[in-house]
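Student: Dropping the sequence and predicted coords here.
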Amino acid sequence: MRDAEPKAIHLADYRPPDWLVDKVELDFALHPSQSRVTARLALRRNPEGTTGAPVVLEGDGLTLVRLAIDGKPLAGSSFEASPARLTLAHPPADAFVLEVETLVDPTANTQLMGLYRTSGNYCTQCEPEGFRRITYYPDRPDVLSVFTTRIEADKAEAPILLGNGNLVDSGDIPGTARHFAVWHDPWPKPSYLFALVGGKLAKVADSFTTASGRKVELGIYVEEGKEARAGYAMDALKRSMRWDEEAFGREYDLDVFNIVAVSDFNMGAMENKGLNVFNDKYVLATPETATDADYSGIEGVIAHEYFHNWTGNRITCRDWFQLCLKEGLTVFRDQEFSSDQRSRPVKRIADVRMLKAAQFTEDSGPLAHPVRPETYREINNFYTATVYEKGAEVVRMLKTLLGEEGFRKGMDLYFERHDGDAATIEDFVASFADATGRDLTQFALWYAQSGTPLLNVSGSYDKEAGTFRLDVKQSVPPTPGQAEKKPMLIPLALGLVGPDGRDLPLTLGNTPVEHGVIEVKEAAQSFLFTGLDARPVPSLNRGFSAPVNLVSDLTDADRVFLAAHDGDPFNRFDSLQRIALELLKTGARTGTLPAPDALITAAGAVVADTALDAAFKAQALALPGESEVARELGSDVNPDAVYAARKALRIAVGTALAADFARVYESAASTGAFSPDAGSAGLRALRNLALDYLAVTGAPEGIARAKAQFEAADNMTDRSSALAVLAQHDVPEREAALDAFYRRFESDALVIDKWFVLQAQIPSEGTLDRVKGLMLHPAFSLSNPNRVRSLIGAFAAANPTQFNRADGAGHAFVADTVLSLDGKNPQVAARLLASFKTFRQLEPVRRASAEAALRRVAQTPGLSADVADIATRSLG
Ligand code: PHE
Ligand code: ZN
């Protein structure tokens, strides 16, 4: 609960901390409702802080029991304590040990920040500002300290006690039923990287020997009985550790690395030093319970959290404005890891799909903000697609501009200069500028300017001169707080494709273009390519080298040609998508889908191309989603019309290519034991796409095929894909399959989440009532973030026709849920509310109902800072 409107915090107001903490000793006596925390902080005045400044420590909902300085109890007159702050106006010296005892109630902690309980176990979540819910502390990332943690608990209740760093002592407490463990982390760290876990957990053990020959004990802790489900996560961890040594020269730096899987978690996972805590969704997998997407999610998140050990932990952030310093960079690193483990082009396509769906959407609405924001009211609301995914794109562009070698030199210099630091984006960019001698001033605008740049490109061929001129215009649309923009430095990878499908030489004047990348820097710029004896088709923004919206003068015929012949797989995919998008836009606007012949020709060529791998085909043949069409339309969107257009196009493609899809379905049938590898996953993806196309009209054969697959499947990918097909159709087989699925997986919450998602996404009128009904189902709980995301989150974010019902009932329902959730878990409530961020795109009736729902939320008294912030900005 907030007592006052939270103040805006500005990057420009940054000041170094007044007090530093040289050493922290924490002592936890775990108890379900009264956990006692004793903190001994070796405080020292920061010479760079304000002269004579008081000691001000942050708290959040704390109960103070006792205070002492250098061992002497402190009189009430010499400090001021509230649940939110502890102030020593007149510190006794410039260095002293402050001992603070607080009581916290982990069972009552429903926000899942600070010390809380999950399935009876104790765990913590401190990023970004949760440590202050455990003890009073300078809870900011630029205060680094060496932590020693003693944990004491009832032996029966919590036989496992884990902390950051290495275990240095443990034992029973004589004469009691309690025991203890002491963990020491030698690496100085900010409080947000602190963690402890206590409870009944089973350990899956393994080890890893680093490049320099040090042996690291690896542990993955899961609920008892789930050990067999942690094998893939362990494998992914070891591959991540090796990869970081090979790709970035980074070795692990403690004797142990532990991961704990918990079932109540606000986010995906958390990179606490030596003790990562994970949403169990990103750890547990068996072929029967996890899809291929789950497996690749596990691989990516395990890698991501592990990679934070260097990008986030060894080098941390000076302040929360620099969040992308660790997140954007670490997403880039996990994307590269997965690309190396799987198919690079397919990974790129999947990442760009995600980027466009989540980040481009965010960037085009009221919640748009720079990759490095300059102001915030609630930092929890800035763990966004812009900070993470666009942040990763910026790092990727840096690599494209500097080349493999220059990029590695810059990274090496960054690690060398800043190991042990709380760094800034300026530090990061300077490492690359200094390592390569390149001026990156204009490039740095990517961190400061929000909004997706628009590139307008047209080409003209001069047969006589053998030249091709590319005219490029760029602009960045206005976004909240930023009316005017400067031109950006845009690395544009391109090729000129000749009539035989091969790349023609790429020469500017007399100079060959290095690595096929030109640099767009001006608002308007022309590039003259020479030595061309045939009209080329330009293949633009290859590999999605820059996160921009591209408008070009390519014709459908050019796109059909590129879809079949482009040497860049990303653009083969993108050409098809672009043809489809134009059809869908027109279809949604006019109510009539134009003749899809070009798309069918191009799609047919892709299906038939034996040189292409299945995973690629599955991506290329999956039409753009409804929300991408909506974003492309930009205004006056009627989601029903978008849905109808897309459905019509799916029917057209499915009908025209029915024979091909039938062949794909029969020939790619999986053989042998299940393997989650990328190749096998690709075959399943293509086959399940074929299944969907073959059932798209709702004709009995298609439904029967889906039903048969649902019943016969030996893995979750095939079973849930078949169920997803059935769920799209109003047929009796749907309910029967949903019931069977529930009965089969009743006791497995993560699988039941899939059951919630599929039902929440049904694009028909009955869905809202169905979702409301499911909220009362015993498997649902408003207290568990995974359940909320699966049922309500999926409805709001992935069912555009029903969330945006013309009668406003979808909007009202989500607003109501946000309000009932806010008192329990403000972070999850705020994320749910953020699904309104596209409301301004809607046609007037739906726009008005969304706005009314948002206003109703905004005007509710006693809102959390999290929800208030999203409501205010969404309406702004
Ligand atoms: N730092 C985590 C990650 O991206 C995300 C996270 C943020 C988790 C805040 C919990 C709370 O790896
Ligand atoms: Zn991260």
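Tutor: Yep, that arrived. Residues are numbered from 1 along each chain as shown. Ligands and ions are numbered 1, 2, ... in the order given.
Student: wait, does whichever helix in the chain runs longest contact ligand 1?
Tutor: The single longest helix within the chain, with elements called by DSSP state H, is helix 391-418. No. Using C-beta under 6 Å from any ligand atom, helix 391-418 stays clear of ligand 1, coming no nearer than 10.8 Å. For glycine as for every other residue, the C-beta is placed from the backbone atoms N, C-alpha and C.
Student: What parts of the stretch 201-350 of the chain come near ligand 1?
Tutor: N266, M267, A269, M270, E271, H304, E305, H308, E327.
Student: would JSON lines of those with pLDDT be doable?
Tutor: Putting those into JSON lines (pLDDT from 0 to 100) gives the following:
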{"residue": "N266", "pLDDT": "98"}
{"residue": "M267", "pLDDT": "98"}
{"residue": "A269", "pLDDT": "99"}
{"residue": "M270", "pLDDT": "99"}
{"residue": "E271", "pLDDT": "99"}
{"residue": "H304", "pLDDT": "99"}
{"residue": "E305", "pLDDT": "99"}
{"residue": "H308", "pLDDT": "99"}
{"residue": "E327", "pLDDT": "99"}
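Student: Tell me which two of those residues sit farthest apart.
Tutor: N266 and H308 (16.9 Å; C-beta to C-beta).
Student: who has more neighbours, these two?
Tutor: H308 (25 against 21; other C-beta atoms under 10 Å).
Student: Can you report phi and psi for the residue nearest to that one when sequence neighbours are not counted?
Tutor: Nearest residue to H308, sequence neighbours excluded (C-beta to C-beta, 6 or more residues apart in numbering): E271, at 3.5 Å. Phi and psi for E271, reported as degrees, to the nearest 10, are phi -90, psi 30.
Student: Check P141 too.
Tutor: For P141, the backbone dihedrals are phi -70, psi -10 (criterion: degrees, to the nearest 10).
Student: mind checking pLDDT for it?
Tutor: Predicted confidence (pLDDT) for P141: 98.
Student: I figured it hits G312, correct?
Tutor: No. Here P141 lies out of contact with G312, judged by C-beta atoms under 8 Å, at a distance of 9.8 Å.
Student: Compare those two (neighbour count), which wins?
Tutor: G312 (25 against 22).
Student: quick one: secondary structure of T135?
Tutor: Here T135 is recorded as coil under DSSP: H, G, I helix; E, B strand; the rest coil.
Student: Please give me every residue in contact with whatever residue of the chain ends up closest to ligand 1.
Tutor: Residue nearest to ligand 1 within the chain: M267 (3.6 Å; C-beta to the nearest ligand atom). By C-beta atoms under 8 Å, 6 or more residues apart in numbering, the residues touching M267 are N279, Y383.
Student: mind checking the SS state of it?
Tutor: On the three-state scheme (three-state DSSP), M267 is labelled coil.
Student: quick one: it and ligand 2, what's the gap?
Tutor: 9 Å (C-beta to the ion, to the nearest Å).
Student: D822 touches A829, doesn't it?
Tutor: Yes. Between D822 and A829 a contact is recorded at 4.3 Å, counting by C-beta under 8 Å.
Student: which residues do the two both contact?
Tutor: Shared contacts of D822 and A829 (C-beta under 8 Å, 6+ apart): S864, D866, V867.
Student: Tell me the one of those nearest ligand 2?
Tutor: Taking C-beta to the ion as the measure, ligand 2 lies nearest D866 of these, at 19.2 Å.
Student: can you count the residues close to that closest one?
Tutor: Neighbour number of D866 under other C-beta under 10 Å is 26.
Student: I'd assumed it was in a helix, is it?
Tutor: Yes. Per three-state DSSP, D866 lies within a helix segment.
Student: Do I have it right that it meets K824?
Tutor: No. Contact criterion C-beta under 8 Å: D866 and K824 do not qualify, at 11.9 Å.
Student: Need the outlier residue of this protein, farthest from its centre.
Tutor: Distance to the chain centre peaks in the chain at E464, reaching 50.8 Å (criterion: C-alpha atoms, centre = their mean).
Student: if I pick that one, what's in contact with it?
Tutor: E464 neighbours (C-beta under 8 Å, 6+ apart): none.
Student: Adjust the sequence numbering to begin at 38 for everything that follows.
Tutor: Let's use 38 as the start, then, which means that last one is E501.
Student: all strands for the stretch 188-337 of the chain, in order.
Tutor: 197-200, 203-209, 215-226, 233-236, 239-246, 252-259, 293-299, 306-307, 312-316 (DSSP state E, counting those that start in this stretch).
Student: Which among those strands is found nearest to L125?
Tutor: The nearest among the strands of the stretch 188-337 of the chain, by C-beta to C-beta, is strand 215-226 at 23.1 Å.
Student: helices and strands around that closest one, which ones?
Tutor: Secondary-structure packing of strand 215-226 (3 or more C-beta pairs under 8 Å, 6 or more residues apart in numbering; DSSP states H and E): strand 182-191, strand 197-200, strand 203-209.
Student: Quick check, pLDDT for S707.
Tutor: 61.
Student: hang on, the earlier thing: nearest to ligand 2 among the strands of the stretch 188-337 of the chain would be which one?
Tutor: Nearest to ligand 2, of those and by C-beta to the ion, is strand 306-307 at 8.0 Å.
Student: And the pLDDT at the residue lying closest to Q614 once chain neighbours are set aside?
Tutor: Nearest non-adjacent residue to Q614, counting by C-beta to C-beta, 6+ apart: P661, 5.5 Å away. We have a pLDDT of 98 for P661.
Student: sorry, back to before: mind putting the helices and strands packed on strand 215-226 into a markdown table with mean neighbour count?
Tutor: Output for those, formatted as a markdown table (neighbours: other C-beta atoms under 10 Å):
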| stretch | mean neighbour count |
| --- | --- |
| strand 182-191 | 21 |
| strand 197-200 | 26 |
| strand 203-209 | 13 |
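Student: Output those strands in CSV, with mean pLDDT and distance to C160 appended to each entry.
Tutor: Below are the helices and strands packed on strand 215-226 laid out as CSV (pLDDT from 0 to 100; distance: least, C-beta to C-beta, whole Å):
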stretch, mean pLDDT, distance to C160
strand 182-191, 99, 12
strand 197-200, 99, 9
strand 203-209, 98, 17
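Student: Including distance to V855, could these go into a markdown table?
Tutor: Formatted as a markdown table, the helices and strands packed on strand 215-226 follow (distance: least, C-beta to C-beta, whole Å):
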| stretch | distance to V855 |
| --- | --- |
| strand 182-191 | 36 |
| strand 197-200 | 34 |
| strand 203-209 | 42 |
